[in-house]
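Peer 1: With the input below, show me the fold.
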Amino acid sequence: TILKNYYKEEKIIKTNGYIIAEGTNPICLLAHMDTVFDHQPRELLYDKEKNVLWSPYGAGFDDKIGLWLIIKILSKGYKPSIILTIGEELGGIGAKQLIKDIPECPFKDCRALIQLDRANEKDSVYYNCDNKDFEKYINSFGFETKQGTFTDIGFIAPTWKIAAVNLSIGYVDEHTVNERVYLNWSEETLIKVCEILNKAEDILIGL
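Peer 2: As a prediction, this is how the structure comes out:
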C-alpha cells in the first residue's frame, strides 16, 4: 500500500476489512476505500474556471477525496495515525471488524479521530460524541456543526472512548451520477486539517 512510503512496515496492520498505521502525531485520520459504485469512472470532466471535477458515470468522490486528502497530508510531512476501512457504504463493515479485533485504541497518546468523509464545504459532524469542548475547538478552525446519520467514527469513537468528528471534503450529491467535487473546498479542508495537526497538543487527552 501507499502507506509503506510513509510508515515502517511494523507500524502497519492490514486485514480484509481495514488498514491502520500508527504515526507520531496524536491525531488519527480516517477515510473509507469503498464507494457506492462498482466501477471506476470512464471519464472525468473538469471545469477550470470553477475548479470543479465530475463524471457522468459516477466518480465515487465519497470517499476517494478523503483518501486523496490523507495522501496530500502525508506528502507534506505530517505523520498522523491512519485508519482506512472497507464497507462503510454497507453499514460500516470494516469499522465493526476493527473494533472487534482491537477493542481499545492501539495508538499511543491518540487525542482525536478526524474522519474525512463529509459532503459540502464546512460541515463538522459529531454523531454521539457529545463533547462540547472538542466541538468548540474543531469549529474554531472554520467548521460548522451539522447533523449526520453515521460513518465509521460512529462505531470506533465510543468503543475507543476518543473524541471524533467527520469533516466536509468538498463533494456534493454523493451516491449519484451528479456527484461533483469543488476542489477549492477540498483544499480549504486540507489547510484546516494541517492547522489542527500542527496544534494537536492543544487537544486534551480524554476529551
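
Peer 1: Quick check, central residue of this protein?
Peer 2: L116 (2.4 Å; Cα atoms, centre = their mean).

Peer 1: and the helix or strand of the chain with the lowest mean pLDDT, which residues are buried?
Peer 2: For the chain, the helix or strand with the lowest mean confidence is helix 132-139, at a mean of 93 (criterion: mean pLDDT, DSSP states H and E). Neighbour counts using 16 or more other Cβ atoms under 10 Å place 134-135, 137-138 of helix 132-139 among the buried residues. (Each C-beta comes from the backbone N, C-alpha and C, glycine too.)

Peer 1: same check, this time on stretch 50-57
Peer 2: In stretch 50-57, the ones that count as buried by 16+ other Cβ under 10 Å are 52-55.

Peer 1: Listing request: residues of the protein with sub-threshold pLDDT.
Peer 2: 204-207 (pLDDT under 70).

Peer 1: residue at max distance from the center of it?
Peer 2: Quick read of the chain (Cα atoms, centre = their mean): farthest out is E49, 27.2 Å.

Peer 1: so that residue is in which element?
Peer 2: Applying DSSP states H and E as the criterion places E49 outside every helix and strand.

Peer 1: where's it relative to L183, distance?
Peer 2: 12 Å (Cβ to Cβ, to the nearest Å).

Peer 1: Quick check: closest non-adjacent residue to K146.
Peer 2: D123 (4.3 Å; Cβ to Cβ, 6 or more residues apart in numbering).

Peer 1: circling back to that earlier point, show me the contacts for the residue nearest to the centre of the chain.
Peer 2: 29-31, 63, 65-66, 69-70, 166-167, 169, 189, 193 (Cβ atoms under 8 Å, 6 or more residues apart in numbering).

Peer 1: buried ones in the one helix or strand I70 maps to?
Peer 2: Under the criterion of DSSP H and E, I70 resides in helix 61-75. By 16+ other Cβ under 10 Å, the buried positions in helix 61-75 come out as 61-70, 73-74.

Peer 1: That one - contacts with which helices or strands?
Peer 2: Applying 3 or more Cβ pairs under 8 Å, 6 or more residues apart in numbering; DSSP states H and E, one finds that helix 61-75 makes contact with strand 25-32, strand 80-85, strand 112-118, strand 171-172, strand 180-182, helix 183-198.

Peer 1: The fifth one: how far from the chain's middle?
Peer 2: Averaged C-alpha coordinates place strand 180-182 at 16 Å from its chain's average position (Cα atoms, centre = their mean, to the nearest Å).
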